[in-house]
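Participant: just a sequence and a predicted model for now, questions to come.
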Amino acid sequence: MSYQVALVPGDGIGPEVMVHATEILDAIGDKYDHVFNYVELEAGGKAIDSTGEPLPADTLEAAQQCDALLLAAVGGPKWDTLPGHLRPERALLGLRAGLGVFANLRPAALLPQLRQACPIKDEVLAASNPEGKASFDLLIVRELTGGLYFGKRGRIDEASGGHSPGAAFDTETYSWTEIERVLRAGYDAAKVRRHKLCIVDKANVLESSRYWREVAAVVSKDYPDIETSYLYVDNAAMQLIRAPGQFDVIVTSNLFGDILSDEASVLTGSIGMLPSASLGSPADPLAKNGRPMGMYEPIHGSAPDIADQDIANPLAMILSAAMMLRYSFGLEKEAKDIERAVNKVLDDGLRTKDIVNRSSGGANEKVVGTKEMGAA
Ligand code: ATP
Ligand code: MG
């Protein structure tokens with residue numbers, strides 16, 4: 001099969017790490033007889049410099065023609081003083097909207113090679129792990145385009161002409177459709193994982209959360225082989241630290257997902273290791289072969305402080321390419337190959353600077369640069 005992949009290498013360390021994502025895709029292509037055609041696009045700071053806009057119209061149009069988008073990182077101090085609508089980060093919002101992606105998938109897994117990155121004790125980790133191992137492997141699915149961050153907000157200023165005592169409000173609104181589509185993204189992810197899905201909400205207090213549960217009661221019927229559970233967000237925040245091994249897929253709202261995914265990420269080590277996916281619906285016009293359009297990117301930013309020094313960790317970018325194979329192309333075996341390759345280089349002791357000294361004793365760590373890590 002051949003696949004059209006839109007590439008936004010972007011700014012800062014973006015281009016340095018992107019090279020290794022395409023390198024590994026080409027290797028996968030050779031092994032399994034797939035062809036990955038790349039369409040390199042400008043967005044973010046680079047696009048501002050050459051066109052004056054963070055997201056030129058032809059970048060978006062070209063991305064929409066492709067099967068998926070791989071993005072490294074955009075932004076940097078050079079563009080920080082621009083007005084809001086011209087900032088590089090605008091490109092991300094525009095791409096998300098233009099590609100119709102609404103489910104943000106963030107895996108958080110503790111790799112045994114980086115055991116010391118996680119502050120939780122062995123016995124605590126093992127107690128919740130189904131196999132009694134001191135590790136966990138979970139996926140947070142965060143709703144990305146609705147809820148509190150996009151609801152009606154405003155000020156209610158009493159008699160005082162805008163000064164105290166006034167009031168301010170933000171509202172959480174979720175439609176059935178918005179909830180259903182993100183739940184389905186979660187269930188579809190659970191199907192290629194361990195078949196467990198936990199909905200995190202605050203249904204003891206919030207009407208919108210109770211509505212999520214009503215939708216879930218209906219949608220879950222389509223996934224009889226997946227075990228559905230519910231947790232209040234305050235409890236979930238605690239459980240993530242106390243017993244992370246109990247989780248497989250967590251699906252939650254925009255606000256709760258923002259907070260929980262950052263909490264989960266600090267349990268796994270370096271920001272340089274964590275990929276993400278933002279998916280649309282398999283029923284969307286941009287979807288191909290019943291697979292969702294997706295935008296795949298590392299969770300780290302452009303890291304201008306370490307750009308062009310051959311020290312950035314390329315693994316988050318490489319693992320983002322693996323997520324693309326899994327979710328937009330349905331190439332599970334190929335995705336696993338990439339994940340195994342990452343596992344192997346870590347087993348071999350290769351470490352970029354950001355992940356040195358995270359092993360539990362004994363490991364033969366060798367500090368390498370971006371290029372050596374990517375090539376390995
Ligand atoms: P953004 O606003 O785009 O998220 P940021 O400044 O908040 O940017 P990053 O660009 O992710 O965050 O950088 C945060 C810190 O993590 C920096 O010190 C950076 O050097 C480090 N860092 C980020 N990505 C990597 C990576 N791939 N390898 C090593 N270190 C990284
Ligand atoms: Mg940041």
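Facilitator: Here it is on my side, so go on. Ligands and ions are numbered 1, 2, ... in the order given.

Participant: excluding its backbone neighbours, what's nearest the residue of the stretch 1-150 of the chain found nearest ligand 1?
Facilitator: Of all residues in the stretch 1-150 of the chain, the one sitting closest to ligand 1 is residue 75 (5.0 Å; C-beta to the nearest ligand atom). Glycine gets a C-beta too; all of them are placed from N, C-alpha and C. Nearest non-adjacent residue to residue 75, counting by C-beta to C-beta, 6 or more residues apart in numbering: residue 88, 4.0 Å away.

Participant: and that neighbour, that one's in a strand?
Facilitator: No - under DSSP: H, G, I helix; E, B strand; the rest coil, residue 88 sits outside any strand and is assigned coil.

Participant: that one: how many residues sit nearby?
Facilitator: 26 (other C-beta atoms under 10 Å).

Participant: ok, now residue 375?
Facilitator: Around residue 375 there are 14 other residues, counting by other C-beta under 10 Å.

Participant: near ligand 1, which residues of the stretch 251-376 of the chain?
Facilitator: 271-272, 300-303, 305-306, 312-313, 316, 354 (C-beta under 6 Å from any ligand atom).

Participant: so which of those sits lowest on pLDDT?
Facilitator: Ranked by pLDDT, these bottom out at residue 271 (89).

Participant: OK, contacts around the residue nearest to that one when sequence neighbours are not counted?
Facilitator: Nearest non-adjacent residue to residue 271, counting by C-beta to C-beta, 6+ apart: residue 300, 4.4 Å away. Residue 300 sits next to 73, 271-272, 274, 316 when contact means C-beta atoms under 8 Å, 6 or more residues apart in numbering.

Participant: secondary structure element for residue 300?
Facilitator: Assigned by DSSP states H and E, residue 300 falls within no helix or strand.

Participant: torsion angles phi and psi at it?
Facilitator: Phi and psi for residue 300, reported as degrees, to the nearest 10, are phi -70, psi 170.

Participant: shouldn't residue 53 be within a strand?
Facilitator: No - secondary structure of residue 53 (three-state DSSP): coil, not part of a strand.

Participant: could you check the pLDDT of it?
Facilitator: Per-residue pLDDT puts residue 53 at 96.

Participant: neighbours of it, just the number please.
Facilitator: Counted with other C-beta under 10 Å, residue 53 comes out at 17.

Participant: and it, its phi and psi?
Facilitator: Backbone geometry at residue 53, expressed as degrees, to the nearest 10, gives phi -130, psi 140.

Participant: if I look at it, how far off is residue 196?
Facilitator: Between residue 53 and residue 196 the computed distance is 43 Å (C-beta to C-beta, to the nearest Å).

Participant: again, but for residue 90
Facilitator: Taking C-beta to C-beta as the measure, residue 90 falls 37 Å from residue 196.

Participant: now stretch 307-320 - C-alpha only, CSV.
Facilitator: The C-alpha trace of stretch 307-320 is given here as CSV (Å, rounded to 0.1, in the frame of the first residue of the first chain):
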residue,chain,number,x,y,z
ALA,A,307,18.2,23.2,19.1
ASP,A,308,21.0,22.4,16.6
GLN,A,309,23.2,20.8,19.2
ASP,A,310,22.5,17.2,18.4
ILE,A,311,21.2,16.4,21.9
ALA,A,312,17.5,16.3,21.5
ASN,A,313,15.8,13.0,22.1
PRO,A,314,14.2,11.8,18.9
LEU,A,315,12.2,8.9,20.5
ALA,A,316,9.0,10.9,21.1
MET,A,317,8.9,11.8,17.5
ILE,A,318,9.7,8.2,16.4
LEU,A,319,7.0,6.9,18.7
SER,A,320,4.5,9.4,17.2
